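1. got a predicted structure plus its sequence, pasted below:
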Amino acid sequence: MKKSLIALAVLGALSGAASAQSSVTIYGIVDVGVQYNERGVAPVAPSTLYTQESNWGIESGYQSGSRLGFRGAEALGGNWSAVFTLESGYDVSTGMSAQGGRLFGRQAWAGLAHTGMGTVALGRLATPSSGTGSFDLWGFVDPFATGWGINSLGSTFIPSNALREDNGIIWASPSWAGFKFAAMYSANINGAETAPSDTNTKGYTLAGQWKWSILGLAATYDVLTPPNATGRPDQKMLQLGGVVDLKFLKIHAGWASQDNISVVSQAGAPGAFAPTGVVAYDADAWMLGVTVPLFGGSILGSYQYSDAKNINTATYQFEPDYSVWGVGYSYPFSRRTNMYVGYGEMGWDGSVAYTAGVPADPTARFDKKQFALGIRHLF
């Protein structure tokens, strides 16, 4: 009897030790507030004039997209672990799923991690250039961390607008003396793969980050390859950026070269993407921003500009040049809860007519104004 009790005690201890090496964490963000939006609206017959319309409402995810996630790891021995993340986006104001109604639209992946060699993961992944997700190497470049509505760097930098890809595989390094690297491939960025393989839109990403003392630098390069039948060229996007942290002030800067824009457009682009005949166009973009600690919180600000290129404007009257500026203030009530207020404007400089040979309509404005006041809670 005594031996049986000892055996049971030993088995219980071993079981406890085994379970202690495996963990699952539930986490998330609830972000909701009051928002004012003003934007250009296309004419409704018989009127032919564009107008600026506005509305007040309760909106979700201004500072950070609201989400619910599950993150797990199991120690396998030899510095190896099995890891996974499932993350769902949702709209607090309606209770509806985000990311087109996907159950785990923000990210869904599983893989193996090694303390010295990094992580290999497969699934739906946010790219390392996206400013979001488990493998992001870029978001710190933006004072708004690619959030805060139209103030986000994603308004002009395409990958920074939360670029996510299905059917992906990624290798992400650990930190090696302040350096981090990642390489990612997607067999089809949106939806299940089809046969033959040249009917899929493929994605490739390379990214690197270096942080040392007061300096942080990042570089990312994305290529999106459309199906062969479309005849469209590869969309190529290079992002370069950095931050200098002087403690009393952070200075942020970024630049992007975006060629053959056709697969994924800029967040600020007008509703009608491009006129017939314009297969793709190029756009350079840049950003300057600051973060300033004040009264226990932080003031954030940035200015961005997108300059479209390589379009026959004499024929198509289409040149989507625009600027974005924004300011915000965040005050933490605790480590997990903060209140925020933000304001931003987007102004169009270029032509936005979409029919070849038709003069641009001077009333066709797609300017935007946005104000938000809300609360964000992390759990």
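-> It's in.

2. can you give me the helices in the stretch 101-250 of the chain?
-> Using DSSP state H, counting those that start in this stretch, the helices of the stretch 101-250 of the chain do not appear at all; there are none.

3. ok, now the stretch 251-379 of the chain?
-> Along the stretch 251-379 of the chain, the stretches classed as helices by DSSP H, counting those that start in this stretch are 313-316.

4. where in it is pLDDT low?
-> Per-residue confidence for the stretch 251-379 of the chain (pLDDT under 70) gives these ranges: 269-276, 313-314, 316, 352-365.

5. can you pull the contacts of the residue nearest the centre of the chain?
-> Taking Cα atoms, centre = their mean, the centroid of the chain lies closest to Ala162, which sits 1.9 Å from it. In this structure, Ala162 makes contact with Gly65, Ala126, Ser130, Gly131, Thr132, Thr146, Gly154, judged by Cβ atoms under 8 Å, 6 or more residues apart in numbering. (C-beta placed from N, C-alpha, C; glycine too.)

6. check this structure for its longest strand and report it.
-> If you go by DSSP state E, the chain has its longest strand at strand 22-41.

7. what is the mean pLDDT for stretch 65-79?
-> Across stretch 65-79, the average pLDDT comes to 97.

8. pull out the buried residues from that stretch.
-> Using 16 or more other Cβ atoms under 10 Å as the test for burial, stretch 65-79 gives Gly65, Ser66, Arg67, Leu68, Gly69, Phe70, Gly72, Ala73.

9. mark which of the contacts of Ala162 are buried, thanks.
-> By 16+ other Cβ under 10 Å, the contacts of Ala162 give Gly65, Ala126, Ser130, Gly131, Thr132, Thr146, Gly154 as buried.

10. turn the residues you listed into CSV, including distance to Val24.
-> Conversion of these to CSV gives the following (distance: Cβ to Cβ, whole Å):
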residue, distance to Val24
Gly65, 22
Ala126, 21
Ser130, 25
Gly131, 26
Thr132, 21
Thr146, 27
Gly154, 31
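
11. quick check, Gly72 in contact with Phe84.
-> Yes: under the criterion of Cβ atoms under 8 Å, Gly72 makes contact with Phe84 at 5.1 Å.

12. what do these two both touch?
-> Residues touching both Gly72 and Phe84 by Cβ under 8 Å, 6+ apart: none at all.

13. so who does Leu283 touch?
-> No, residue 283 isn't Leu; it's Ala. Ala283 sits in contact with Thr156, Gln258, Ile261, Gln266, Ser306, Asp307, Ala308, Lys309, Pro320, where contact means Cβ under 8 Å, 6+ apart.

14. list the contacts of the first one.
-> By that I understand Thr156. Residues in contact with Thr156, defined by Cβ under 8 Å, 6+ apart, are Ala256, Gln266, Ala267, Gly268, Ala283, Ala285, Met287, Gln304, Tyr305, Ser306, Tyr322, Val324.

15. and of these, the nearest to Ala98?
-> Within the set of the contacts of Thr156, Ala267 lies nearest Ala98; the separation is 15.2 Å, counting by Cβ to Cβ.

16. what is the burial count for that closest one?
-> By the other Cβ atoms under 10 Å criterion, the neighbourhood of Ala267 contains 19 residues.
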